[in-house]
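Engineer: Sequence and predicted model, in that order:
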Amino acid sequence: MKVTFPIMGNSYIAFKQMLEDLGHEAIVPPMPSARTMTLGTAHSPEFACIPFKILMGTYLEAIEKGAELIITSGGHGPCRAGYYGVLHQKIIEELGYNTKVMVFDSINMGFKEFISNLNYLLNSGKSSWWRLIKVYKAIWDKLMALDEIEILSHQIRPYEIEKGRTSKTYDSCLEVMDQAKTKSQIAEAKEACFGLLNEISQDVSRKPLKIGIVGEIYVQIEPYANLDIQATLGEMGVYSKRGIHLSEWWKETTHQTNNEEEAIKAAKPYLDQMIGGHGILSVGETILHSSHGYDGVIQLAPFSCIPEIVAKGILTQVSRDYGIPVLTIFLDEQTGKAGMETRLEAFIDLLYQRRQKRLEGAVS
Ligand code: SF4
């Protein structure tokens, strides 16, 4: 069966292998682009959030490539993510396609449905549970390795001497990782990529600002949706760390992670209930970033995203209480890179000034 999935950062490399190893033809959609956005916007409700529109465009591009089944994730809490699958399916049908959307919700949300979806996937690929266990182990390693390589690239970029070298090396690493299939090949490819990234010439005398990135999961992970904010910050000489990576999300889908628990606990004095999406984590992670010595936090929020709007209101107080500046960037199809860069430059200036004042205060 020709099966596709949403593009979310570099995870397509692991998902493509998983489908192929389970006996399917993986249809990798084109990387999200202006065309994806135009297609998605044209066929989405006007006030849908940007992840919905990009996914809509992605699915239509995958259908053009022959996709018969779309595998996607669900959502929980009072947020529109839970309706994505149903609505995407409806729009696809109204456009005259018979491609099916299969939603993999968290296993905690519906054990029976999760297992029945998996059974369908295995039977239609003439695969087995035994095969799945084997495949899962390799895919898990691959997802973790892809995240670790990306994290290392964000650590190195602010120190790079030749601007753009880290991004080029990172792109080569993705090709290396794509070729690795077995557990041992994946481990070797990861080591090779670490080697390539660590060989980049760096000016280690720099003292980059540290910025935490929080916000809605899709716009945090997918560079097209966030206008490549982490690479942009890195090339401005700033180290950034985001709260969620795909391997974390994968863990979340099967059980709650330690990082998530820690952030929920930190958020508790301000917010003691789930508000959908990753709103509660935006609050908790901002507090954690503050206690870990970060200079500032950037909240990425899809325009009209209720969980992030609620979080933004709370973050104003958190910012005051913890003395950590927070910049909220709302993202929609109108958001342009030049405008975002101007806002980032102003925010970085502010953070440098605060750091300078702190240092002067410490000296005098
Ligand atoms: S978290 Fe926000 S952006 Fe994501 S689906 Fe919910 S409302 Fe939309």
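Structural biologist: Sure, I can see it.
Engineer: Not counting sequence-adjacent ones, nearest residue to the residue of the stretch 201-350 of the chain found nearest the ligand?
Structural biologist: Nearest residue of the stretch 201-350 of the chain to the ligand: residue 277, at 2.5 Å (C-beta to the nearest ligand atom). Backbone N, C-alpha and C define where each C-beta goes, glycine included. Closest residue to residue 277 apart from its sequence neighbours, by C-beta to C-beta, 6 or more residues apart in numbering: residue 307 at 3.5 Å.
Engineer: shouldn't the residue of the stretch 201-350 of the chain closest to the ligand be in contact with residue 75?
Structural biologist: Yes. Here residue 277 reaches residue 75: they are 7.2 Å apart, a contact under C-beta atoms under 8 Å.
Engineer: neighbour count winner among the two?
Structural biologist: Neighbours of residue 277 and residue 75, each counted by other C-beta atoms under 10 Å, are more numerous for residue 277; the result is 29 against 21.
Engineer: List the residues that contact the more buried one.
Structural biologist: 75, 77, 79, 81, 216-217, 305-308 (C-beta atoms under 8 Å, 6 or more residues apart in numbering).
Engineer: just residue 282 next, same as before
Structural biologist: Here residue 282 is in contact with 214-215, 243, 299, 307-308, 311, 315 (C-beta under 8 Å, 6+ apart).
Engineer: Now neighbour count too, for those residues, in JSON lines please.
Structural biologist: Converted to JSON lines, the contacts of residue 282 look like this (neighbours: other C-beta atoms under 10 Å):
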{"residue": "214", "neighbour count": "29"}
{"residue": "215", "neighbour count": "32"}
{"residue": "243", "neighbour count": "23"}
{"residue": "299", "neighbour count": "24"}
{"residue": "307", "neighbour count": "26"}
{"residue": "308", "neighbour count": "30"}
{"residue": "311", "neighbour count": "32"}
{"residue": "315", "neighbour count": "24"}
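Engineer: which among those are in contact with the ligand?
Structural biologist: 307-308 (C-beta under 6 Å from any ligand atom).
Engineer: wait, which of the contacts of residue 282 is closest to residue 108?
Structural biologist: Distance to residue 108 across the contacts of residue 282 (C-beta to C-beta) is lowest for residue 307, with 18.7 Å.
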